[in-house]
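J.: pasted the sequence and its predicted model underneath.
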Amino acid sequence: MGDLTRQDMLDMAATAYEHAISTIYAMDGIFKKVTGADYDSALTIAQFDTILQGVLLSVACADGNFDPLEQEFIRAFTTHGDLLDFIRGDSDGQVDLTWEEVADLPQELKDKLIEILPGILDDQCRSFIVPLTTVDVSYSKYGNVETTPGDFLKSIEQDMIKIAGSLAFVDLEGTDDEMSAGVKMIFELEGKHWRYLLSDNKLGSGEGNG
C-alpha cells in the first residue's frame, strides 16, 4: 500500500462508510416517499452495520490472527447495529460472545462461524436489501444523475470493499486471502440477493415483498 499509514487506512474506511450510509439513507427516503411505507431508516442502517461486520470478521479471520487492532476496527462499525448482539438474539442467548472471545476461538471454530454466517444473516440481509433493490430497479434518475438498475448496488459494494480493504491493511500487512475473503462474504451476504432481485425484474412481479 505504498506510504499509506494506519491512520490513512482508518480515514479511508470512515469516508467509505459515511458515503455508504448517505446512499442508504437517500434510497430509504425514496422508498418511503414512493411506497408510503412506514419504514424506519434506522433499521436499515443497523442491518447494514451487522452485515458489514460479518464481512469484516471474514477478513480479520482469514489470516488466522484476529488481533486487538482488528477487533477495535470492527467495533468502530457497531454504532447502529452489532453482529454479536444479533447472533446472541438469534440463538436465544445460546451463542454469547465478545469480539475478544471470537478472536480466542480455535481456527476451526472461526472458520465454521464464517461458513455459517450467510445462513444466520439470511433474513436480515433480505430485509435490508428489498427496499434498496426496489429503488435500484425502479428509478432511472437519482437527483440529476442518470442510473441503471445495479448502479446503487455497485456503489454500496465498492464502499464495502474499500472498508474491507482498509481492515486488511490496517496492520500494514494485508494479504490476498484477506481481500478474497471480504469480497466473497460481500457477495454471500448482499450481492447475490440483490442481483437475484434485480434479475428479470422479480420485484416488479411482487416477489420479495413483505
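T.: That came through, no problem. Numbers count the residues shown, from 1 in each chain.
J.: helix, strand or coil for residue 148?
T.: At residue 148 the chain is in coil, as set by DSSP: H, G, I helix; E, B strand; the rest coil.
J.: for residue 78, phi and psi?
T.: The phi/psi pair for residue 78 (degrees, to the nearest 10) reads phi -110, psi 20.
J.: centroid-nearest residue for the protein?
T.: residue 52 (2.9 Å; Cα atoms, centre = their mean).
J.: quick one: the helix or strand encompassing residue 119 to chain centroid distance?
T.: Assigned by DSSP states H and E, residue 119 belongs to helix 107-120. Helix 107-120 has its C-alpha centroid displaced from the chain centroid by 16 Å (Cα atoms, centre = their mean, to the nearest Å).
J.: packing partners of that helix?
T.: helix 41-61, helix 83-90, helix 176-186 (3 or more Cβ pairs under 8 Å, 6 or more residues apart in numbering; DSSP states H and E). C-betas here are computed from N, CA, C, even on glycine.
J.: hey, C-alpha coordinates of the shortest one in CSV?
T.: Which is helix 83-90. In CSV, the C-alpha atoms belonging to helix 83-90 read as follows (Å, rounded to 0.1, in the frame of the first residue of the first chain):
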residue,chain,number,x,y,z
LEU,A,83,-23.3,-8.6,14.7
LEU,A,84,-22.6,-10.3,18.0
ASP,A,85,-25.8,-8.9,19.5
PHE,A,86,-27.7,-10.2,16.6
ILE,A,87,-26.2,-13.7,16.9
ARG,A,88,-26.9,-13.6,20.6
GLY,A,89,-30.6,-12.8,20.0
ASP,A,90,-30.9,-15.2,17.1
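J.: what lies in contact with the helix or strand that it is followed by?
T.: Going down the chain from helix 83-90, the next helix or strand is helix 99-104, by DSSP H and E. By Cβ atoms under 8 Å, 6 or more residues apart in numbering, the surrounding residues in contact with helix 99-104 are 57, 66-68, 71, 74-75, 84, 110, 113.
J.: looking at it, the residue nearest to the centre of the chain is touching residue 78, isn't it?
T.: No. At 9.6 Å, residue 52 does not count as touching residue 78 under the criterion of Cβ atoms under 8 Å.
J.: now do the strand or helix carrying residue 158: which elements does it pack against?
T.: According to DSSP H and E, residue 158 maps onto helix 151-168. Contacting helix 151-168 under the criterion 3+ Cβ pairs under 8 Å, 6+ apart are the following elements: helix 6-35, helix 41-61, helix 68-75, helix 122-138, helix 176-186, helix 192-198.
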